[in-house]
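Student: Provided below are the primary sequence and the corresponding predicted coordinates.
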Amino acid sequence: MIHFMKTLLRLSIVLTLAASLFPFQGCKLHKKVSGEASNISDAYYEQINEGADIDWDEIIPLFHHWREISPSDFFFDIPSKEMIDRWKAICEDRNQLESESRRYVQGYYANMNQFMTVKDFYELWYRDESYLLDDDLTTWRLMQYDSLSFIQPDSEFDKFYTLKNAIQGLLLYEPQSQWDMNFHAGLECDFQEYYDRVLYREAVRHSDGKLASALKKEQESWLCYHSALDSAFRVIDGDPNGMVGSAWPMAISGIAYDDAVMRAFSLESFYFALTDSLDYKVSHKKSLIGQYDIERHAQISNVMVLNEYRKFMEYFKDETFFDPEFSYPAADLRKALEIEMKAWQGWMATRVYVSSCLSGLCKECYDNSTNEVRRHKLIMLKNRYQGFGITSQFILDCLLSYSCQDAEIESFSFEKNYKTN
């Protein structure tokens, strides 16, 4: 069901983009830029200040510019020349934008490099889903966008920090319409899920047989829970009449992104301890980036999380928060949460098993991450899955921040804040 719902969401984005881009199709300028290679490179990476005395409405030709990446610069598997040529052809075939106004390419985006990269990922991921999970292609395309080789990582921490920075840099542009905001939120979520997959893949690659098997089971249970959260939110935040509004995709992507961020820190400190063999209580002494700080908070038991799930189910009995006219029946809402809660329990059970396979610093980091995950989830539940997408300031003022003090969590009540603010 989650796959079907995501397909419908992405199809709606595709149709919107096709309509919005149609007026800009012009003469066949794509891949027909003349001039020296250096001039092409300059045009591709050129950045223009907004106050520059130029014609921002000028229609400029669009093209791809591919740089050579040394095999030694690849962070993970080294692709063959044939595979790289295939990836280039896929991007050029799918993204056939030929021209666009200078304002859109070098005004709303930093330069043509960022503009074309964003559009490539749109075409690779959302025309259909054939390349959404092709993580090697995604990594290569990110390296084409941002020369990750400028920082030679000598630790896994550096490597993933740099990868994360490349993603953040690519998404650093200001959406100009509701469609742009929906698309940007979708990209943010899908890139975070990509990062999580690569992190998990590398953790398995660096583990022995028993631990690798345990991590694979943990990944399966995580995906089951992540899917159940998506399904539950679509019921809790949805409208059976379909009147969800044009910004609803932002909310769907927003909670999935938040959940995927939680997934990242469920693995990161364990993985860096496993591969870099460093004590993260002190400076990350081999890092070019700096210190990796582990979050450490008061213990949050899984019983506390399950109790909050049940309180959330009771929340739908109060029509202050639940409007039967525009919501699914309360029984459906509680059932959706119950299914999600069981999936959550399954994920937590597999993390207990992974922990039993560990010792020393790796076990310490992994168990601490599990506690941080429970803390994050508890706050999500206490906030009643509010605050995703376009949200009123009134609701934002009712929410508990993830950076709150530990002592604030137990006494926090979204319902109380809602009724008294």
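Tutor: That came through fine.
Student: the strands in this protein, which residues?
Tutor: In the chain, the strands defined using DSSP state E lie at 59-61, 99-101.
Student: Any chance of those strands in CSV with distance to Tyr109 as columns?
Tutor: Glycine gets a C-beta too; all of them are placed from N, C-alpha and C. Shown next, in CSV, are the strands of the chain (distance: least, C-beta to C-beta, whole Å):
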stretch, distance to Tyr109
strand 59-61, 12
strand 99-101, 10
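Student: could you redo those strands as CSV and give each row mean pLDDT and distance to Leu132?
Tutor: Putting those into CSV (pLDDT from 0 to 100; distance: least, C-beta to C-beta, whole Å) gives the following:
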stretch, mean pLDDT, distance to Leu132
strand 59-61, 95, 29
strand 99-101, 95, 25
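Student: would TSV of the ones you listed with distance to Tyr257 and mean neighbour count be doable?
Tutor: Output for the strands of the chain, formatted as TSV (distance: least, C-beta to C-beta, whole Å; neighbours: other C-beta atoms under 10 Å):
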stretch	distance to Tyr257	mean neighbour count
strand 59-61	33	18
strand 99-101	28	19
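Student: Which among those is found nearest to Ser80?
Tutor: With C-beta to C-beta as the criterion, Ser80 lies closest to strand 59-61 of the strands of the chain, at 31.0 Å.
Student: neighbouring strands for the closest one, and are they parallel or not?
Tutor: Note on strand 59-61: by DSSP bridges, its sheet partners are strand 99-101 (antiparallel).
Student: how close does Lys419 get to Gln393?
Tutor: Separation of Lys419 from Gln393 (C-beta to C-beta, to the nearest Å) stands at 17 Å.
Student: what does Glu325 give?
Tutor: Glu325 is 25 Å from Gln393, by C-beta to C-beta.
Student: among the strands of the chain, which is nearest His206?
Tutor: Comparing those under C-beta to C-beta, the one sitting nearest is strand 99-101, at 43.5 Å.
Student: what's the burial count for Asp55?
Tutor: 10 (other C-beta atoms under 10 Å).
Student: whoops, I mixed them up, Arg310
Tutor: Arg310: 14 surrounding residues under other C-beta under 10 Å.
Student: ditto for Gln106
Tutor: By other C-beta under 10 Å, neighbour count at Gln106 equals 25.
Student: For the closest residue to it other than its chain neighbours, give me its contacts.
Tutor: Using C-beta to C-beta, 6 or more residues apart in numbering and skipping residues adjacent in sequence, the residue nearest Gln106 is Ile48, 4.8 Å away. Residues in contact with Ile48 (C-beta atoms under 8 Å, 6 or more residues apart in numbering) are Ile54, Arg102, Gln106, Gly107.
Student: Okay, now the unreliable bits of this structure?
Tutor: Applying pLDDT under 70 to the chain flags the ranges 1-38, 149-151, 243, 278-293.
Student: and this protein, what are its domains?
Tutor: For the chain, automatic domain parsing gives the domain ranges 1-150, 175-421.
Student: out of those, deepest packed?
Tutor: Mean neighbours per residue, mean count of other C-beta atoms under 10 Å, is largest over these for domain 175-421, with a mean of 17.
Student: Spatially nearest residue to Glu295, not counting backbone neighbours?
Tutor: Residue nearest to Glu295 in three dimensions, not counting chain neighbours: Glu372, with 5.4 Å by C-beta to C-beta, 6+ apart.
Student: Tell me if I'm right that that neighbour and His297 touch.
Tutor: Yes. Contact status for Glu372 versus His297: in contact at 6.7 Å, counting by C-beta atoms under 8 Å.
Student: you'd agree Pro249 is up against Gly186?
Tutor: Yes. At 6.6 Å, Pro249 counts as touching Gly186 under the criterion of C-beta under 8 Å.
Student: which residues touch the residue nearest to Glu295?
Tutor: Per C-beta under 8 Å, 6+ apart, neighbours of Glu372: Phe265, Ser266, Glu295, His297.
Student: what's stretch 253-261 in contact with?
Tutor: Stretch 253-261 has contacts (C-beta under 8 Å, 6+ apart) with 182, 185-186, 188-189, 192-193, 195-196, 226, 229-230, 233, 380, 385, 388-389.
Student: Nearest residue to Glu218 in space, please, no chain neighbours.
Tutor: Nearest non-adjacent residue to Glu218 (C-beta to C-beta, 6+ apart): Thr350, at 4.2 Å.
Student: who's in contact with the one you found?
Tutor: So Thr350 contacts Ala214, Lys217, Glu218, Glu220, Ser221, Trp222 (C-beta under 8 Å, 6+ apart).
Student: hmm, 10 Å instead?
Tutor: Applying C-beta atoms under 10 Å, 6 or more residues apart in numbering, we find Thr350 in contact with Ala214, Leu215, Lys216, Lys217, Glu218, Gln219, Glu220, Ser221, Trp222, Cys224, Tyr225.
Student: Surely Leu124 touches Arg141?
Tutor: Yes. Between Leu124 and Arg141 there is a contact under C-beta atoms under 10 Å: 7.5 Å.
Student: Check the contact lists of the two and give me the overlap.
Tutor: Joint contacts of Leu124 and Arg141 (C-beta under 10 Å, 6+ apart) are Trp87, Ile90, Cys91, Tyr131, Asp134.
Student: circling back to that earlier point, could I get the contacts of Glu372 as TSV with distance to Glu314?
Tutor: Formatted as TSV, those follow (distance: C-beta to C-beta, whole Å):
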residue	distance to Glu314
Phe265	30
Ser266	28
Glu295	30
His297	26
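Student: coming back round to it: please state the backbone phi and psi of the residue nearest to Gln106?
Tutor: phi -120, psi 130 (degrees, to the nearest 10).
Student: State the distance from it to Ile60.
Tutor: For Ile48 relative to Ile60 (C-beta to C-beta), the value is 11 Å.
Student: which residues do these two both contact?
Tutor: Common neighbours of Ile48 and Ile60 (C-beta under 10 Å, 6+ apart) are Arg102, Arg103, Val105, Gln106.
Student: can you tell me which of the residues you listed lies nearest to Gln96?
Tutor: Nearest to Gln96 out of those is Val105 (C-beta to C-beta; 15.4 Å).
Student: how much space between the closest one and Glu174?
Tutor: Using C-beta to C-beta, Val105 is found at 14 Å from Glu174.
Student: what's the answer for Gln168, then?
Tutor: Gln168 is 14 Å from Glu174, by C-beta to C-beta.
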